[in-house]
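what follows is a predicted protein model with its sequence.
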Amino acid sequence: ASSSATASSSATASSSATASSSATASSSAAASSSSAASSSSAASSSSAAPDPVVPGYNQITLQWLPVSGSTSYEIWYHPTENIASATRWNDTVGTIGGTSTTITVLQPGITYHFWVKPVIGAIPQPEIWLGSGQVLASGFSVLASDLLPGENALEVGLNTTLRIPFSSSPDVDSITPGAITVSIDGVPIEVTLSPSESAVLVTPSSGSWQAGKTHTVTVSTTIRSGGLPLPSAFTYSFTTLDTASLIAHWDFENTANDTSGNGWHGTLAAIGSGSMPVYATGSGEFKSGSSALYLPGGYVNGGRVDLGTSFDPGQVFTICGWFKAEAPIHSQKKELLFSNRTDLGGSTGFELFINQWEGSSVTLDGDKIFGIGYCRGAGTDQYWTTATDFIVYGEWKHFAVSIDRTTLQGRVYFNGVASDTFTLNYGDFPVSGNPWYIGSTGYSGTGGAYFFKGYLDDIRVYKRVLSPEEILNISRN
């Protein structure tokens, strides 16, 4: 659809082509004023409008021209032409900063209508009708729902390997230079392509993506499977880490070093007779990149990552990352994900933990919870926890915890979705001075350090409260 700067309710959207009946998509060349919106000024791009509605196997890709002044776009869809009843796709995928997206939750045999709303100055503008279409029941397609990192992902690590999956294995001889390209503001960057079963892996030839930039990935129709090409080119985008707002980032790509550039490197340590943490590279053992950190667990003896006493997240921070707990969670003590407390109760500091402590003051029935704790002195322990049976053994969960010690506000997200907002009882618990650890408390005596058992990946600390949209997009890494 050729939409221009600010859409008004009276103008039209145009489609450069009408999909054939074999693709089961219909898009009118000029939508009527009752069902389409128009643009009040010229588009910022002079290029030809792309096909707005491109059907694929169990998905539909939407494409549009950039709108001058817009910072993002909202996408809406519904089986009828009534946008008032439509579903907002952004609620599933977060912020859409590029000019394409692929909807992967559509039902076969149903014709859907699609709209785009440019967002200018944080205000969604009137909708522009893109067209209508049905998903294909079969065919060779990029599987958008399984892209890694996900479509429109934010804060993607600079060393991330892209994984582009297909509905069937692509022909190896079609995976040639130029078959998949990556560009920044229209300027291509050199990449290396590697077949991997039914996917293609894409890495930057320079060794890392450019920081704080939106990268556009285009899969061309030269990619084939069984001699049959993709029916149309597939385009999506991701945005790399903006290191200006990062305090630390441990991606655990065979190292505990901080990749933010701030130097908060970790040191793997085995406590007592415990085992050293190791980097896991097996199937299902990592969530981002090509490896994760495996911690063997334990009570008095175990393994952890030491961060030292100088680390300080500040007054306002967000901690996020992935964890996968192994059974059993310790039956008597909580297991720490991230902490600067030196003991279980009464010691000052902050902690993120999981717990199956029967009869504890934290969880009365002590069954598989995620929790946040903080303390400024003896008798002042405070906790927030999920409901019981929250943790599933062997299941990856993305967590994000935002803390503002100045306003006493906290917010928790799991798998990109807001779980709860809570008020801190006080904000003067120490976050500096005490040693920080990943995977345990700092206690090393007979009382136990409460070691985490399982996998951790892509742990980040930001110096601000991230928005719900940012956290949703980050969880799609």
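Noted; the coordinates are in hand.

where does this structure have low pLDDT?
Scanning the chain for pLDDT under 70 picks out 1-49, 330-332, 343-346, 356-366, 443-449.

who's in contact with the residue nearest to Asp306 when sequence neighbours are not counted?
Spatial nearest neighbour of Asp306, chain neighbours left out: Thr267 (4.6 Å); criterion: Cβ to Cβ, 6 or more residues apart in numbering. C-betas here are computed from N, CA, C, even on glycine. Neighbouring residues of Thr267 by Cβ atoms under 8 Å, 6 or more residues apart in numbering: 256, 305-306.

identify the residue spatially nearest to Leu293, adjacent ones excluded.
Phe252 (4.3 Å).

how many neighbours does the one you found have?
Neighbourhood size, Phe252 [other Cβ atoms under 10 Å]: 30.

what's the spacing between it and Phe286?
8 Å (Cβ to Cβ, to the nearest Å).

find residues that contact each of the two.
292, 457.

out of the contacts of Thr267, which is nearest to Ile403?
When the contacts of Thr267 are compared for distance to Ile403 (Cβ to Cβ), Val305 wins out at 20.7 Å.

next, Ala84: secondary structure please.
What DSSP: H, G, I helix; E, B strand; the rest coil gives for Ala84 is helix.

so how far is Lys117 from it?
13 Å.

what of Pro149?
Relative to Lys117, and taking Cβ to Cβ, Pro149 is found at 25 Å.

what is the neighbour count of Thr222?
For Thr222, using other Cβ under 10 Å, the count is 14.

on that earlier part again, surely the residue nearest to Leu293 touches Tyr279?
Yes: Phe252 is within contact range of Tyr279, at 6.4 Å (criterion: Cβ atoms under 8 Å).

shared neighbours of the two, which are they?
Common neighbours of Phe252 and Tyr279 (Cβ under 8 Å, 6+ apart) are 291-293.

among those, which are in strands?
Members of these lying in strands (criterion: DSSP state E): 292-293.

okay, the shared contacts of Phe252 and Tyr279 in a markdown table with neighbour count and distance to Glu190 next?
As requested, the shared contacts of Phe252 and Tyr279 are arranged in a markdown table below (neighbours: other Cβ atoms under 10 Å; distance: Cβ to Cβ, whole Å):
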| residue | neighbour count | distance to Glu190 |
| --- | --- | --- |
| Ser291 | 20 | 25 |
| Ala292 | 29 | 28 |
| Leu293 | 30 | 31 |
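
make a markdown table out of the shared contacts of Phe252 and Tyr279 and add distance to Tyr57.
Below are the shared contacts of Phe252 and Tyr279 laid out as a markdown table (distance: Cβ to Cβ, whole Å):
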| residue | distance to Tyr57 |
| --- | --- |
| Ser291 | 31 |
| Ala292 | 30 |
| Leu293 | 36 |
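
which one's the longest helix in the protein?
The helix that spans the most residues within the chain, counting by DSSP state H, is helix 468-475.

tell me the buried residues in stretch 367-380?
367-376 (16 or more other Cβ atoms under 10 Å).

actually stretch 322-330, not the one I typed
Buried, per 16+ other Cβ under 10 Å, within stretch 322-330: 322-326, 329-330.

which pair of those residues spans the longest distance?
Farthest pair in these (Cβ to Cβ) is Trp322 and His330. Separation: 20.5 Å.

so what's the closest residue to Asn477 other than its chain neighbours up against?
The shortest distance from Asn477 to any non-neighbouring residue, by Cβ to Cβ, 6+ apart, is to Pro149 (4.4 Å). Contact analysis of Pro149 by Cβ under 8 Å, 6+ apart lists 156, 160, 162, 238, 288, 476-477.

could you rerun that using 10 Å?
Shown in contact with Pro149 (Cβ atoms under 10 Å, 6 or more residues apart in numbering): 155-157, 160-163, 236, 238-240, 288-289, 473-474, 476-477.

what's the answer for Ser205, then?
189-192.

which of those residues are buried?
For the contacts of Ser205, buried by 16+ other Cβ under 10 Å: Val191.

between the contacts of Ser205, which sits nearest Gln315?
The closest of those, once distances to Gln315 are taken by Cβ to Cβ, is Ile189, at 37.8 Å.

against Asp51, how distant is the nearest residue to the closest one once chain neighbours are set aside?
Of all residues not flanking Ile189 in the chain, Val182 sits nearest, at 5.5 Å (Cβ to Cβ, 6+ apart). The spacing between Val182 and Asp51, counted by Cβ to Cβ, is 22 Å.

between those two, which has more neighbouring residues?
Asp51 (22 against 19).

how are the strands of the stretch 1-150 of the chain distributed by residue range?
Assigned by DSSP state E, counting those that start in this stretch, the strands in the stretch 1-150 of the chain fall at 7-8, 25-26, 38-39, 53-56, 59-63, 72-78, 87-88, 100-103, 112-120, 123-124, 128-133.
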